[in-house]
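Enquirer: predicted coordinates and the sequence they were generated for:
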Amino acid sequence: MSEGRRKAPTRARRKKHWALRVAGWLLGLFFLGVIGVVAAFFIGYQTTDIPDPNKEFAANTTTVYWSDGKTVLGTFYDQNRRSVPLEQIPKYVQDAMIAAEDRTFWTNPGVSPSGMARAAFNIARGQQLQGGSTITQQYVKIMYLTQERTFSRKFSELFIATKLSRSQDKKQILEGYLNTIYFGEGAYGVAAAGEAYFSVPDPNKLNVPQAAFLATVLNNPTRFDPDNPAAHKRILERYQYVLDGMRQSGTITDAQAAQYGAKLPVIKKPKKSGGKYKGPNGYLLDMAKKELAKLVPQDQISGGGLKVITTFDRARQGEMTRAAQTELPEKRNNLHVGLASVTPGTGRLVAMYGGPDYLKSQLNWATAKGRPGSSFKPFAVAAALLDQRSIWDTFQGDSPIEVNGQELNNEFDDDYGDVNLYQATEQSINTAFYDLIDKQMEDGPAKLVNAAEAAGIPKTSALERGRNNPSTVLGPDPYAAPVDMANAYATFAAGGRYVPLHTLKSVTGPNIKPWSDQKAIIEKQGKQAFPPEVANMVNYVLQNVVEGKKGTGDRAQELDRPVAGKTGTAGGVALEHRKKNAACDNCLEGKDTLTSWWVGYTPQLSTAVLYRAGASGEGDLDPYSDDEAFFGGNWPVRTWLAYMEPALKGLPDEPFPEPDQDALEDSPAPPPSTPPSSTPPPSTPPPSTPPPSTPPPSTPPPSSPTPPTPTKTKTTKPPGWPSIPTKPTKPTNTPETPGGGGQ
């Protein structure tokens, strides 16, 4: 045998040897890789903890209700989401979601190996990471991770999903998923989605086609948007795919799948409101939210899933909005009206009108403080009674009156002679109240402020300055808003019992201590601000403002039930006239009407109406009226009547409690005017001592400034209109321009 033949087998064996060796190495590397992958997975699994849930996906919408606790007023939310237990979600709704997203949900380990393989293949090809998500993985991504598409996030999702599937019941996972997944239209979770697409907030009331449609859109709300006509074909195809999955699982029959799959269900989205704060009700929601912030942490307001029942009465609010938008002067441009209504003895704000649209202006005319003018005089009556004075005590009714070296006037500089407090309140005689508070009562302004704050007027720096201001009795500075005045007068209506104003009846939720304004809470927070006999006498005097022959609020008699109240106007220089006033050395002081009030009440309801003009509320009201001035007894009373008549419908004509008869009889003469019909004059004969004579005024007092039909010719306002400072008055005993107010 040749040498060549002897060497050939050796070379072949060498090639085979090296091939086996390479194959062995590759096999070893493969097993090492498998071991490494397993080890890496084991280490990753062991070292990965289930993190805390994302707070935004643990949040639930807070729902705000009208006072009935059933009708929704609005919502507070960062995400529109309301969690519901799985048992409240029908099985066919659950099956629709499973058919759409993860048909092996009940049996898989929380992850999909084939899906993960597809994801790995996409990574290897340098493509975007996507796919491979079970329901459990989707839930983990939403509830525990971010939405970024990275390799590390995907493996975290894998480990957490596996752990979650082993540590939680599948029903818990499905419940969490159905309450967090995004369906489009701003809706998170199936409850919000049912309302967003079909106006069905209760998942129990969804039908099979609606459930299948929701399962269709959740896959990609943008791609399957029903508002996009170009998407209808692919939506129908996806919808039929979901129905077929439900058929395969036995949830629906072949016939039902064919019937439902013929067309999409009718979409019935709720009417778009343009924003939860749109319109007059936006002011109610804003006020309720501010009060809620005093009871619960901020994150609970928009994410705590709270049930908030407000004090706002839906029917009364509707009547108030109608009155505020229709019972107005013909000229309305830049005219503003604020209204507030409170039930006496409860502090509940049952209706409020702050403006036509909160989204257009957040300036709430029902909570913005203004000059109360003569509507502040009832607190002077209360202060006088507390000072052991009588409503029959007499005071100077002629104009002017000298206070601290200054001459102060009546409206239009009219003279009334000597008048008692009963008459002075009926006709709103300024000089008599200056005489009472600033001359005859020791520390009168301070006692007046005490009475106002006791009734419910909030303590402010402006009001505190009034303790040293001779003009305080005529409300010269922005002391109070309609909500304040309505509640303060309600204190008199409630027999002198004050309860803080509030807008919330109850607040309940999963993670807070329940709160309600039940009777015990009202009694605890309330206080007896005035003795009942004082409150009853104030009511008696204020009834005469309506029932008296010369009462400035006589138009309120049209309510045809016992009413008490007080008008108020505040004079000054309107914003548009201040430049001219400065140029003429303050020659226009007191020429304009800046605020016009009527605060009227029955034993069941207290309502304040305030008119203002101009963007800031500092404009002149007089051009809006044909009267000599924009009197409180005219348009404010008209607007008040338009609300109060329907608001009190069905309630009895309840009389006010009778005042103390001894106090009524403690008079040097019988009441000079006919007392209110609900409180007849005392039956005792007049005393033997003749009453002091009261000379007739040199100028007859003006008749009621609110004729049934305003005159078409506006008269020129005579000099002597009491002036009001255009800025808060500094504390002084001799202010240069003391405040004033008329009818």
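Expert: Done, it's in.
Enquirer: phi first, then psi, for the residue lying closest to residue 188 once chain neighbours are set aside.
Expert: Leaving aside its chain neighbours, residue 188 sits nearest to residue 81 (3.8 Å; criterion: Cβ to Cβ, 6 or more residues apart in numbering). For every residue, glycine as well, the C-beta is placed using N, CA and C. Reported as degrees, to the nearest 10, the phi and psi values for residue 81 are phi -150, psi 130.
Enquirer: over to the one 5 residues further on?
Expert: Summarising the backbone geometry of residue 86 under the convention degrees, to the nearest 10, its torsions are phi -60, psi -30.
Enquirer: residues in contact with the closest residue in space to it that isn't next to it in sequence?
Expert: Ranked by Cβ to Cβ, 6+ apart and with sequence neighbours excluded, the top spatial neighbour of residue 86 is residue 175, at 4.0 Å. When the contact criterion is Cβ atoms under 8 Å, 6 or more residues apart in numbering, the partners of residue 175 are 85-86, 89.
Enquirer: of the residues you listed, which is the nearest to residue 652?
Expert: When the contacts of residue 175 are compared for distance to residue 652 (Cβ to Cβ), residue 85 wins out at 45.7 Å.
Enquirer: show the pLDDT at that closest one.
Expert: According to the predicted model, the pLDDT of residue 85 comes to 94.
Enquirer: so which strand or helix has residue 402?
Expert: According to DSSP states H and E, residue 402 maps onto strand 401-403.
Enquirer: quick one: mean pLDDT for that strand?
Expert: Mean pLDDT, strand 401-403: 92.
Enquirer: could you list the buried residues of it?
Expert: 401, 403 (16 or more other Cβ atoms under 10 Å).
Enquirer: can you list the strands that the helix or strand just after it pairs with?
Expert: Once the chain leaves strand 401-403, the next helix or strand it forms, by DSSP H and E, is strand 406-408. Strand 406-408 has its sheet partners listed here by DSSP bridges as strand 401-403 (antiparallel).
Enquirer: how many residues are close by residue 404?
Expert: As a burial measure, residue 404 scores 13 neighbours (other Cβ atoms under 10 Å).
Enquirer: do the one 4 residues further on as well
Expert: Applying the criterion other Cβ under 10 Å, we find 24 residues in the vicinity of residue 408.
Enquirer: ok, now which ones touch the residue nearest to residue 188?
Expert: Going by Cβ under 8 Å, 6+ apart, residue 81 touches 59-61, 179-180, 187-189, 191-192.
Enquirer: circling back to that earlier point, from the chain's centre, how far out does the strand holding residue 402 sit?
Expert: Centre-to-centre, strand 401-403 and its host chain are 45 Å apart (Cα atoms, centre = their mean, to the nearest Å).
Enquirer: quick one: contacts of that strand?
Expert: Residues outside strand 401-403 that contact it (Cβ under 8 Å, 6+ apart): 407-409, 431, 434-435, 438-439, 470, 738.
Enquirer: so residue 536 sits against residue 655, correct?
Expert: No. Contact criterion Cβ atoms under 8 Å: residue 536 and residue 655 do not qualify, at 11.2 Å.
Enquirer: neighbour count winner among those two?
Expert: Neighbour count, other Cβ under 10 Å: between residue 536 and residue 655, residue 536 has more, with 22 against 16.
Enquirer: what residues are up against the more buried one?
Expert: By Cβ under 8 Å, 6+ apart, the contact list for residue 536 reads 495, 656-660.
Enquirer: go on, residue 532?
Expert: By Cβ under 8 Å, 6+ apart, the contact list for residue 532 reads 495-496, 657.
Enquirer: ok, back up a step: of the contacts of strand 401-403, buried ones?
Expert: 408-409, 431, 434-435, 438, 470, 738.
Enquirer: what segments of the stretch 201-350 of the chain are strands?
Expert: If DSSP state E, counting those that start in this stretch is used as the criterion, the strands of the stretch 201-350 of the chain fall at 307-310, 335-343, 348-353.
Enquirer: let me fix that: the stretch 401-550 of the chain
Expert: Taking DSSP E, counting those that start in this stretch, the strands of the stretch 401-550 of the chain run over residues 401-403, 406-408, 418-420, 497-498, 504-508, 515-516, 527-528.
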